[in-house]
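[1] Below is the structure, and that's it, no one-letter string:
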Ligand code: SF4
């Protein structure tokens, strides 16, 4: 990171930077009247500032004849460190004098630069990170024996799921399916049952496909290069990077949400971390930090510090962070508002009625389609609207022995929310076609989605089982 801003008060031959006060709109408006052209860089950021007068704006005065090559020379971390919108103006010397008078600036800028002294030393950053990891790495089941298979299983499970929640699933899965071969030969219902409660079931379906492909094309092992791993079903850039670096010690990055968040803060990046191009950009940046002989520890250390210190959905714990001296987000005070993420779209709300049908000691289950949400899992009878007790009683009147209202429940998927009410119905006969299973089968054989956990537990309580 270069320290300070280069200011030229006398020579108009080199680019100059100024910190201005005023909204982006005002400044652009003024600039377009006084100089050849004004470009607003990083429109996303600028939108954020556009209505807020009094914010800092970084003004870049370009006096060269061709603006883009000059502009391209501005180091990435130079302007990102200021967390301010950047306006690039193509000016002539005469108007520059006017601008110098207008943009408060030089004095303020000099003072600002002196005060900020933003620091970032890649080597020191990496050393501090690894030192911290050596002393603070958690003992996790998949770290004790980092074989490619175990690393892969753990990384897939850890997507969207907390470490503590994954631990028992991981042990159970590895015990039941200790090798790629066992996974490739496992039947779908066994897999779904092993995955029950983890959610995002297409992960485990892809794992089976991937295991089969490894058996056919890679002699029963996961390939040992990032590029080959990337070709397998269900393995994206992050997972390929994690397996290649942790299990095979390849010098490649593994960039997940934790890593993006940490680096956004460390480099004060305003890029939207949900965008693919941001992930690609950070992969390239992080590649330069990875020490050749400790790529496994480096990638795990970044994930670990993202999970324990530079945390999501809360203020980063900069006061205990070993990276603070190399973190420009901390130094500039910008860390708390980063990373930038596009606002999520509102979820669609679907209203449901869940009917838990019971006939003597058997429970009705329906298998969902093999495609789409919760594909292939088993559910109770589901109606696509919320029905009243009276309506349900009328619908089952000939068959009904007893009807018990159950509590309302809500389940949130990534794009949809289920708002459910439910009833337990004791029927005279197994009046609906589908699976009628025993309590034991319900617990051991059929995978029920977490969304219906409330109703599954209510049923088990009703029939005297353990949930
Ligand atoms: S100093 Fe703060 S913002 Fe920077 S990496 Fe550490 S916790 Fe994150």
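    Arrived safely, thanks for sending. As the structure is a computational prediction, the values presented were derived from the model and not from experiment.

[2] Now do the helices in the stretch 101-250 of the chain.
    With DSSP state H, counting those that start in this stretch as the criterion, the stretch 101-250 of the chain has helices at 106-116, 122-136, 141-144, 148-158, 163-176, 180-185, 188-195, 202-217, 226-230, 237-242.

[3] Which among these is found nearest to residue 272?
    Residue 272 sits nearest to helix 237-242 of all those, at 17.1 Å, using Cβ to Cβ. C-beta here means a position set from N, CA and C on the backbone, and glycine is covered the same way.

[4] residues making contact with that closest one?
    151-152, 155-156, 159, 226, 229-230, 252-256, 279, 283, 299 (Cβ atoms under 8 Å, 6 or more residues apart in numbering).

[5] Same question for stretch 342-355.
    272, 274-275, 380-387, 392, 406, 409, 412-423, 425, 452, 455.

[6] what do you get if the cut-off is 7 Å, keeping everything else the same?
    Residues from elsewhere that reach stretch 342-355, judged by Cβ atoms under 7 Å, 6 or more residues apart in numbering: 272, 274, 380-387, 392, 412, 415-423, 425, 452, 455.

[7] For it, the averaged confidence score.
    Averaging pLDDT along stretch 342-355 yields 86.

[8] Can you check the distance spanned by it, start to finish?
    Length of stretch 342-355, first residue to last, Cα to Cα, to the nearest Å: 38 Å.

[9] Now the helices of the stretch 101-250 of the chain in JSON lines, please, with extra columns for distance to the ligand, mean neighbour count and mean pLDDT.
    As requested, the helices of the stretch 101-250 of the chain are exported to JSON lines (distance: least, Cβ to the nearest ligand atom, whole Å; neighbours: other Cβ atoms under 10 Å; pLDDT from 0 to 100):
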{"stretch": "helix 106-116", "distance to the ligand": "15", "mean neighbour count": "14", "mean pLDDT": "46"}
{"stretch": "helix 122-136", "distance to the ligand": "9", "mean neighbour count": "15", "mean pLDDT": "95"}
{"stretch": "helix 141-144", "distance to the ligand": "22", "mean neighbour count": "15", "mean pLDDT": "92"}
{"stretch": "helix 148-158", "distance to the ligand": "20", "mean neighbour count": "22", "mean pLDDT": "96"}
{"stretch": "helix 163-176", "distance to the ligand": "18", "mean neighbour count": "15", "mean pLDDT": "94"}
{"stretch": "helix 180-185", "distance to the ligand": "37", "mean neighbour count": "18", "mean pLDDT": "96"}
{"stretch": "helix 188-195", "distance to the ligand": "33", "mean neighbour count": "18", "mean pLDDT": "90"}
{"stretch": "helix 202-217", "distance to the ligand": "29", "mean neighbour count": "18", "mean pLDDT": "94"}
{"stretch": "helix 226-230", "distance to the ligand": "26", "mean neighbour count": "18", "mean pLDDT": "96"}
{"stretch": "helix 237-242", "distance to the ligand": "19", "mean neighbour count": "24", "mean pLDDT": "96"}
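
[10] Let me have those helices in a markdown table, adding distance to residue 439 as columns.
    Output for these, formatted as a markdown table (distance: least, Cβ to Cβ, whole Å):
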| stretch | distance to residue 439 |
| --- | --- |
| helix 106-116 | 66 |
| helix 122-136 | 45 |
| helix 141-144 | 31 |
| helix 148-158 | 28 |
| helix 163-176 | 21 |
| helix 180-185 | 28 |
| helix 188-195 | 15 |
| helix 202-217 | 25 |
| helix 226-230 | 42 |
| helix 237-242 | 37 |
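
[11] hang on, the earlier thing: can you flag which of the contacts of stretch 342-355 belong to strands?
    Among those, the members found in strands (DSSP state E) are 381-383, 412, 416-423, 425.

[12] sec struct for the nearest residue to residue 271 once chain neighbours are set aside, please.
    Distances taken as Cβ to Cβ, 6 or more residues apart in numbering put residue 278 closest to residue 271, at 4.3 Å, once the chain neighbours are dropped. Secondary structure, DSSP: H, G, I helix; E, B strand; the rest coil: residue 278 is helix.

[13] shouldn't residue 278 be in contact with residue 270?
    No - Residue 278 lies out of contact with residue 270 (Cβ atoms under 7 Å); the separation is 10.0 Å.

[14] Buried ones among the contacts of stretch 342-355?
    380-383, 387, 392, 417-418, 420-423, 425, 452, 455 (16 or more other Cβ atoms under 10 Å).

[15] just those residues now: which is nearest residue 182?
    residue 452 (28.7 Å).

[16] can you pull the contacts of the closest one?
    In this structure, residue 452 makes contact with 354, 379, 380, judged by Cβ under 7 Å, 6+ apart.

[17] you'd agree the first one is in a strand?
    Looking back up the chat, that one is residue 354. Yes - under three-state DSSP, residue 354 sits within a strand.

[18] For it, which non-adjacent residue is closest in space?
    Nearest to residue 354 is residue 422, by Cβ to Cβ, 6+ apart, at 3.8 Å.

[19] my read: that neighbour touches residue 404, true?
    No - between residue 422 and residue 404 there is no contact under Cβ under 7 Å: 9.4 Å.

[20] Quick check: residue 448 touching residue 380?
    No - applying Cβ under 7 Å as the test, residue 448 and residue 380 come out as separate, 8.1 Å apart.

[21] Residue 369 - that's part of a helix, no?
    No - membership of residue 369 in a helix is not supported by three-state DSSP, which gives coil.

[22] any idea of the pLDDT on it?
    Looking at residue 369, its pLDDT stands at 87.

[23] show me what contacts it?
    Counting by Cβ under 7 Å, 6+ apart, residue 369 has contacts residue 375.

[24] do the same with residue 155
    Applying Cβ under 7 Å, 6+ apart, we find residue 155 in contact with 239, 242, 243.

[25] now residue 451
    Neighbouring residues of residue 451 by Cβ under 7 Å, 6+ apart: 411, 418.

[26] Could you pull up the contacting residues of the residue nearest to residue 354?
    With contact set as Cβ under 7 Å, 6+ apart, residue 422 has these partners: 353, 354, 356, 406, 455.

[27] and what of residue 363?
    Contacts of residue 363 (Cβ under 7 Å, 6+ apart): 357, 436, 437, 442, 459.

[28] From residue 379, how far off is it?
    In this view, residue 363 and residue 379 are 11 Å apart by Cβ to Cβ, to the nearest Å.

[29] repeat for residue 207
    Residue 207 is 23 Å from residue 379, by Cβ to Cβ.

[30] What parts of the stretch 251-400 of the chain come near the ligand?
    262, 265-266, 309-310, 316-318, 321, 323-324, 327, 329-330, 335 (Cβ under 6 Å from any ligand atom).

[31] Right, I'll leave it there.
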